[in-house]
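> got a predicted structure plus its sequence, pasted below:
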Amino acid sequence: MIVACERSDMSSSVAPVLRERGRRPTGVALLLHGGRARSHEPATRANLTYLRMVPFARDLAGQPGLLVAQLSYRYRGWNDQDPVKDTRWALDDLRRRHGELPVVLVGHSMGGRAALHAADDRSVLGVCALAPWTEPGEPVAQLAGKSLLIAHGDRERWTDPRLSYDYAVRAKAVTDDVCRFEVHGDGHAMLRRAREWTRLVRSFVLGRLDYEPMPGWIANAVREPSPRGLRVPLSPGRGRRMSRD
C-alpha cells in the first residue's frame, strides 16, 4: 500500500511543498527538481522541471519500506541558494516527523546542485546527481564520508559535462565513494534513454540504503581510479532488476 501526502511550510505565503509516497519507512529518497539561475516566480508541480522527476518517484515508490519524497521549491530560481534552503527545510521536516532515517538525495540539473550543497546534512548517506549544474570551484568538502554518483548525457546543451567531471575529480579527494556515468545519445531532458536513467537511480538508491545489494557495475566504477571510474559509459540494460553483476 502506498500512502501519498503533502507537507508545506505554512509560515510563508510562498512555501516549499513536500509530496510523500510510502508507509512505515526505514529509508528516504528525496527528489529535487531543476530550475533557473534566477527567478522568484513560484515553483509548482505543473512545471516541466518538477514533472521530469515524477517517473523516478513512481519507480522508487514500489520499494517496501522506502519513503519517496518529492520536493517543490518556493521559487523556480537558484537565486541566493534558495533550493538549498528548501532542501534543508525538507530534511529537517522529514527528520521531525519520521525520525533519524537514512536519506539519499536525487537531484536533476539545479536540483543536483542543491543536493551536492546539502550533502553535509547528518541524515544524508549519498547523492545521485543527474546532469547536475555545477560551477568551477564549487565546494566538495561537504561530501566527506558520503557516496556520490553523477550521470551526464553527451548531448547536453544546458549544463556542462566537463564541469561535472571536474567536480567528480575534486570530490574523489574527500571521499573514495565516487563514480560518474556518461549516458551516450541523451541530453538534459533524459528522454531518449529514460529507462537507463531510471534504472541507474533505482540501483544507486536501493543499494545505498541497503534494500538491495549495490550492483557490481556501480561498485566497479567506484573502485576504478580516475579517470576511468568517472567516465563510465552507461550501457543499455545496466540496472535491470534481475541483474546482480
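Happy to help now that I have it.

> need the helices for this protein, in chain order.
With DSSP state H applied, the chain shows helices at 48-51, 54-60, 82-98, 110-117, 161-171, 194-208, 216-223, listed in chain order.

> can you redo these as JSON lines with distance to H184?
Bear in mind the C-beta positions are built from the backbone N, C-alpha and C, glycine included. What follows is these, written out as JSON lines (distance: least, C-beta to C-beta, whole Å):
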{"stretch": "helix 48-51", "distance to H184": "24"}
{"stretch": "helix 54-60", "distance to H184": "20"}
{"stretch": "helix 82-98", "distance to H184": "29"}
{"stretch": "helix 110-117", "distance to H184": "19"}
{"stretch": "helix 161-171", "distance to H184": "11"}
{"stretch": "helix 194-208", "distance to H184": "10"}
{"stretch": "helix 216-223", "distance to H184": "15"}
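
> got CSV for the ones you listed, with mean pLDDT, distance to V127 and mean neighbour count too?
Supplementary listing: those in CSV, determined by pLDDT from 0 to 100; distance: least, C-beta to C-beta, whole Å; neighbours: other C-beta atoms under 10 Å:
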stretch, mean pLDDT, distance to V127, mean neighbour count
helix 48-51, 97, 18, 16
helix 54-60, 98, 14, 18
helix 82-98, 98, 11, 19
helix 110-117, 99, 5, 27
helix 161-171, 98, 9, 20
helix 194-208, 98, 9, 22
helix 216-223, 98, 14, 16
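
> S147 is nearest to which of those helices?
When these are compared for distance to S147 using C-beta to C-beta, the nearest one is helix 194-208, at 5.4 Å.

> that closest one: how far from the chain's middle?
If you compare the mean C-alpha spot of helix 194-208 with that of the full chain, they lie 10 Å apart, counting by C-alpha atoms, centre = their mean, to the nearest Å.

> report all helices and strands that it contacts.
For helix 194-208, the elements it packs on are helix 54-60, strand 103-108, strand 124-130, strand 147-153, strand 178-183, helix 216-223, judged by 3 or more C-beta pairs under 8 Å, 6 or more residues apart in numbering; DSSP states H and E.

> make it 10 Å
Secondary structure elements in contact with helix 194-208, counted by 3 or more C-beta pairs under 10 Å, 6 or more residues apart in numbering; DSSP states H and E, are strand 27-32, helix 54-60, strand 66-72, strand 103-108, strand 124-130, strand 147-153, strand 178-183, helix 216-223.
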